[in-house]
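In: build me a model from this:
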Amino acid sequence: MIKYFTIILFLFFANNNGYVGKFSYTERSELAWSDFRGRPQISSTFDASVNTGITYQWSYGKDKDDIELNYQVDSFCYPSLSWVKRGQMSEHLLSHEQLHFDISELHARIMRKRLKEYKPGGNIRRDLNKMYKLVERMRINMQERYDEETNHSKNVANQKKWEKKIQTLMWYYRDYHK
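Out: Numbers count the residues shown, from 1 in each chain. Below is the predicted model of the structure:
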């Protein structure tokens, strides 16, 4: 008897009849200013904002007492929810926004690693939801800390430190890139 469960978690924050265009890090890992298609928030103190996130889906099959877990984890950029103010399109700012996308991919890799190491137990759905929520909380916390420590790209020295930090972590989790 095979049981099949699928969970897809998407973060949609637009009023586009529920549709938000997106592309995955696997499809295209480098951002361009043309990816910032949303309406700029003029009242914001920020010059740009990239909207990124991670999703996962899973299923499992049972054969006798063996459980086989199948999963897919992706990180995405949502261009219609990403924006830049007029006259602010600098390479430095784009690099800052790129690192936000890289941080989401880093956490997708962390999730893939955890899923690969997971030994299915009695309540797979609960375990995986708990795992996802933890990784998502870590991702959001890192995104916020990154913006705080770099003052949204204005602290150049800390921006360089974060670039090195994320580069090192991406290398560490390189085996979990798709």
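
In: got a list of what the most centrally placed residue in the chain touches?
Out: When Cα atoms, centre = their mean is applied to the chain, the residue found nearest the centroid is residue 104 (2.7 Å). By Cβ atoms under 8 Å, 6 or more residues apart in numbering, the residues touching residue 104 are 25, 52-54, 75-76, 139, 143. Glycine gets a C-beta too; all of them are placed from N, C-alpha and C.

In: state the distance from it to residue 77.
Out: Relative to residue 77, residue 104 is positioned 8 Å away (Cβ to Cβ, to the nearest Å).

In: just the pLDDT for residue 15.
Out: Each residue has a pLDDT score; the one for residue 15 is 40.

In: A strand includes residue 68, no?
Out: Yes. Assessed by DSSP: H, G, I helix; E, B strand; the rest coil, residue 68 belongs to a strand.

In: pretty sure it sits against residue 118.
Out: No. Using Cβ atoms under 8 Å, residue 68 makes no contact with residue 118, being 11.9 Å away.

In: who has more neighbours out of these two?
Out: Neighbour count, other Cβ atoms under 10 Å: between residue 68 and residue 118, residue 118 has more, with 15 against 11.

In: so what's the more buried one up against?
Out: Counting by Cβ under 8 Å, 6+ apart, residue 118 touches 69, 127-128, 131.
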